[in-house]
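> requesting a structural model of the entry that follows:
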Amino acid sequence: MPNQHLLAMDPHLWPHDMVGQEGQPVRVFVVDDDCHARRVIAQGLMADSRTLLVGQAANLREARKNIRQQEFDVLIVDLNLGDGEGLELLEFARNLYPSVLSIVVSVTERDDKVLQAFERGAVGYLLKNSWFDDYPQAVLQVANGGASITPVLARKLLSHLGKAPAKFSLSEEPLPDDQLSARECEILKMIACGYTGPEVASFLKISALTVNTHIKNIYRKLQTHTRAQAVRAASLKGWL
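Purely as a prediction, here's the structure:
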């Protein structure tokens, strides 16, 4: 996963140009009907000076009410709430606060639920009880432009994308204005799995500037403005 070593470092060594400074932490709202899970997430967030827990809710109804009264940067939400699905809250929060980033936490690793979560705007998906997940780290990853996915899910997603039929041309013939090139699809698949621009550049052995140019072209072709929107748009078109 991207920048694991960097995001797990001592807060006092945290780069000054990254989001999540001690005096200006990333604000988080947590929604989970499991009180033990909420407590574990809350303790993790409060133990890191770069993240700040600003609110909690135990169900969908309570969450709908409380998030209207609280400003926050990242939403952490369980998929299975007592009175509804977390997927509903993803859309509700995105419509209410377009800039808020959402991370799903769930015991469910079904492909359809994972894909639905990303299609509805999530930029992270963590499996409960995974040894590899760290909630402050996940929050900092998404707040700094990345994604956060439990490694086993990232591997499944890569496998799924690898088996998907190619919807782009490898020939040198001109492509339609809105169709992604083979390289753009390759980069978008890596972005969907949580890799940052510099990591994509290193893996593909191209410059970071070239990656950024490709990403800008992807945004233009898909008429999107964020990585999550681009991944969702490409998925809906069947390109991923």
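> C-alpha from now on. contacts and neighbour counts both.
Noted.
> least confident secondary structure element in this structure?
helix 4-7 (a mean of 42; mean pLDDT, DSSP states H and E).
> can you list the buried residues in the longest helix seen in the chain?
Longest helix of the chain, by residue count under DSSP state H: helix 208-222. By neighbour count with 16 or more other Cα atoms under 10 Å, helix 208-222 contains the buried residues 208, 211, 214-219, 221-222.
> show me the strands in the chain, by range?
Using DSSP state E, the strands found in the chain span residues 26-31, 51-57, 74-78, 80-81, 84-85, 101-106, 122-127, 148-149.
> elements contacting the third one?
Spelled out, that is strand 74-78. Packing partners of strand 74-78 (3 or more Cα pairs under 8 Å, 6 or more residues apart in numbering; DSSP states H and E): strand 26-31, helix 86-96, strand 101-106.
> let's go with 7 Å and repeat that
The contact analysis (3 or more Cα pairs under 7 Å, 6 or more residues apart in numbering; DSSP states H and E) places strand 74-78 against strand 26-31, strand 101-106.
> with the last one instead?
Where contact means 3+ Cα pairs under 7 Å, 6+ apart, strand 148-149 is packed against strand 122-127, helix 135-143.
> now do that strand, average pLDDT.
Average pLDDT, strand 148-149: 86.
> one step back: max pairwise distance over the buried residues of helix 208-222: which two?
The span of the buried residues of helix 208-222, defined through Cα to Cα, is set by 208 and 222 at 21.0 Å.
> if we can go back for a sec, which of the helices and strands packed on strand 148-149 sits closest to residue 71?
Across the helices and strands packed on strand 148-149, closest to residue 71 is helix 135-143 (Cα to Cα), at 14.9 Å.
> just to revisit the earlier point, of the helices and strands packed on strand 74-78, which is nearest residue 129?
So among the helices and strands packed on strand 74-78, strand 101-106 is nearest, using Cα to Cα, at 9.2 Å.
> remind me which residues of the protein are low pLDDT?
The model of the chain has pLDDT under 70 over residues 1-13, 131-133, 157-178, 240.
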